[in-house]
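Chemist: just a sequence and a predicted model for now, questions to come.
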Amino acid sequence: MPWKHWSAERLGIVLAVLAALGFSFKAIFVKLAYAVPQAVPVDSVTLLALRMAFSVPVFAWVGWRASRALAPLPRRDWLAVIALGLLGYYGSSILDFMGLQYITASLERLILFTYPTLTILIGVLFMGKRASRREVGALLLSYAGIGLAFAHDLHIAGDTRAVLIGAGFVFGSAVSYAFYQAGSEPAIRRLGAARFTALAMLVSTGATLLHFGVSQPVGALVQPAPVYLHALGMALFSTVLPVFMTSAAIRRIGAAKTALIGTLGPVLTIFFGCWILDEPLSWPQMAGAALVLAGVLLISKRGEPAVSPSPSVVHPLAKPGTPSA
């Protein structure tokens, strides 16, 4: 049956699954780019700069379309966009890319997917909110799962220090994105989803290119063709398309159901990592993934709006996501 004859719910579910698939492939693209044979492997800053450069034309166009009939932003809103763009699309992305130099894509995705529970902690510690029993249970489940997956990577790794460093970078990425998510809701209410997301992406791109300019020679942009292809694939299939698919899915089936379908991401990354990258797959790893997903599902149920992903917030990584990162 042609897709135009599908019901809104059926199309929304398909779009949400495709978005989860795209976001889950981000770590795979990064690991493939790092593995391209060359004298000096591509570094995280250069790879992120390529990803953002390939993505930014689309978001610039969306930002222009969303802003052309609206009044200019006041200073307060510009400050909010800049701060949140630096946290959500620059800070979390660069930390995530750095972490993937040390750990498996599977462990990266599980650690990164703790951002909903981290958002709870931020609300409790800094915004005067109280955690419910369901939220505390979600925290315990998620971090027990991370512990299992982390122990698995430590067991198979030849360099325990590298796993600790990589996990630290990715956890920092999750913290950065959780602060972004906690602070973005009021900005989105004032500015609108499309305008805010596009402007935040432009801020992130500017920060990324500035970081590249002060830390890398221009010649670092000269990379083998496979690196460009992986960066382009990451920009198109793991950034631009999933962002718009997620927005379209939310319009058809709602934020809660879209978020629940998005929990497929870590499981998909584990299987892609095993299939494409030859990463080991074990029962402790699968049990860890199940616990993390159970924690996310627990806080994504209806009736818990304080911790459900905002219908307008999209992770850049994994996650811009996205639930991304």
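Modeler: Cool, got the structure.
Chemist: what's the weakest-modelled helix or strand in this structure?
Modeler: The weakest-scoring helix or strand in the chain, judged by mean pLDDT, DSSP states H and E, is helix 255-262 (a mean of 67).
Chemist: what mean pLDDT does the next helix or strand after that helix get?
Modeler: Counting by DSSP states H and E, the element after helix 255-262 in chain order, helix or strand, is helix 264-276. Averaging pLDDT along helix 264-276 gives 83.
Chemist: and the next helix or strand past helix 264-276?
Modeler: Going down the chain from helix 264-276, the next helix or strand is helix 283-300, by DSSP H and E.
Chemist: what is that next one packed up against?
Modeler: Secondary-structure packing of helix 283-300 (3 or more C-beta pairs under 8 Å, 6 or more residues apart in numbering; DSSP states H and E): helix 105-112, helix 115-126, helix 133-156, helix 255-262, helix 264-276. Any C-beta I mention is one placed from the backbone N, CA and C, and that applies to glycine too.
Chemist: and the longest helix that the chain contains with helix 105-112, angle?
Modeler: Longest helix of the chain, by residue count under DSSP state H: helix 160-191. Counting by axes from the mean of the first three to the mean of the last three C-alpha atoms, to 10 degrees, helix 160-191 lies at 50 degrees to helix 105-112.
Chemist: please identify the most buried of the helices and strands packed on helix 283-300.
Modeler: Of all these, helix 105-112 carries the top mean neighbour count, a mean of 30, counting by mean count of other C-beta atoms under 10 Å.
Chemist: which strands and helices sit next to it?
Modeler: helix 26-34, helix 92-99, helix 133-156, helix 160-191, helix 264-276, helix 283-300.
Chemist: can I get the helices and strands packed on helix 283-300 in CSV with distance to Ala16?
Modeler: Shown next, in CSV, are the helices and strands packed on helix 283-300 (distance: least, C-beta to C-beta, whole Å):
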stretch, distance to Ala16
helix 105-112, 17
helix 115-126, 16
helix 133-156, 21
helix 255-262, 4
helix 264-276, 9
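Chemist: out of those helices, which comes closest to Leu298?
Modeler: For Leu298, the closest of the helices and strands packed on helix 283-300 is helix 133-156, at 4.2 Å, according to C-beta to C-beta.
Chemist: quick one: the closest one to chain centroid distance?
Modeler: Offset of helix 133-156 from its chain centre (C-alpha atoms, centre = their mean, to the nearest Å): 19 Å.
Chemist: for stretch 241-251, same thing?
Modeler: Centroid separation for stretch 241-251 versus its chain: 14 Å, with C-alpha atoms, centre = their mean.
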